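Visitor: pasting the structure only:
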């Protein structure tokens, strides 16, 4: 049976993507081999689903449409930089996401709950919203990331969230290509 690699995400407006691309450019002097996220691929993942059948996609669309009808638009803030698991041993470079209205957290709870009802495993880690800027492949011994991060600290960027999407990810040797399978508008 044919399946598609899918996830639920909030795609960012172009101005936010442009700002994040500028922040990413500040890492040019850092001596590490990093696979940087392409500007067009910046997004905030709500739920990674993995391989999904066409029937599951149709069921998910209906469930996500119901969720969108229950939630109002909200704003998130993008600010701060960090690394998972830590700057001394970085695997992922990220910018933080602030959720002052708790709209993001509430949306995540509903998406997580509905996806569990659809048979997708619940996330075992606590929700830690962030936007991935790059994945570290290799770091030179004297990484210096801990010193670099505070110097690149971006200004806080406010991002309106009016929609979320069911996305498909197609992997290739050039990196992932994302396409939107369905978009869901939040209530005004």
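Guide: Structure received. No experiment lies behind these values; they were computed from the predicted model shown.

Visitor: helices and strands of the chain: which one has the lowest mean pLDDT?
Guide: helix 145-151 (a mean of 80; mean pLDDT, DSSP states H and E).

Visitor: who are the packing partners of that one?
Guide: Judged by 3 or more C-beta pairs under 8 Å, 6 or more residues apart in numbering; DSSP states H and E, helix 145-151 is in contact with strand 74-86. In short, each C-beta sits where N, CA and C put it, glycine included.

Visitor: again, only using 10 Å
Guide: Counting contacts by 3 or more C-beta pairs under 10 Å, 6 or more residues apart in numbering; DSSP states H and E, helix 145-151 is packed against strand 74-86, strand 89-98.

Visitor: among these, which comes closest to residue 31?
Guide: Minimum separation from residue 31 across the helices and strands packed on helix 145-151 (C-beta to C-beta) falls at strand 89-98, 12.2 Å.

Visitor: report the mean confidence score over the longest helix seen in the chain.
Guide: Looking across the chain with DSSP state H, the single longest helix is helix 54-70. Helix 54-70 shows a mean pLDDT of 97.

Visitor: so which bits of that helix are buried?
Guide: The neighbour-count check on helix 54-70 (16 or more other C-beta atoms under 10 Å) flags 56-57, 59-60, 63-64, 67-68 as buried.

Visitor: for stretch 79-95, same thing?
Guide: For stretch 79-95, burial by neighbour count (16+ other C-beta under 10 Å) applies to 80-84, 87, 90, 93-95.

Visitor: so residue 128, which of the three states?
Guide: Three-state call for residue 128 (DSSP: H, G, I helix; E, B strand; the rest coil): coil.

Visitor: is it true that residue 32 touches residue 89?
Guide: No: in this structure, residue 32 is not within contact of residue 89 by C-beta atoms under 10 Å, at 11.7 Å.

Visitor: thinking again about what came up before, which elements pack onto the longest helix of the chain?
Guide: Using 3+ C-beta pairs under 10 Å, 6+ apart, helix 54-70 sits against strand 4-11, strand 43-52, helix 103-117, strand 163-170, strand 177-185.

Visitor: my guess is residue 3 meets residue 51, correct?
Guide: Yes: between residue 3 and residue 51 there is a contact under C-beta under 10 Å: 3.9 Å.

Visitor: quick one: low-confidence ranges for this structure?
Guide: Within the chain, the stretches with pLDDT under 70 are 140-143, 153-154.

Visitor: go again with 50.
Guide: Along the chain, no part satisfies pLDDT under 50.

Visitor: which residue is nearest the middle of it?
Guide: Geometric centre of the chain, nearest residue: residue 44, 2.4 Å, by C-alpha atoms, centre = their mean.
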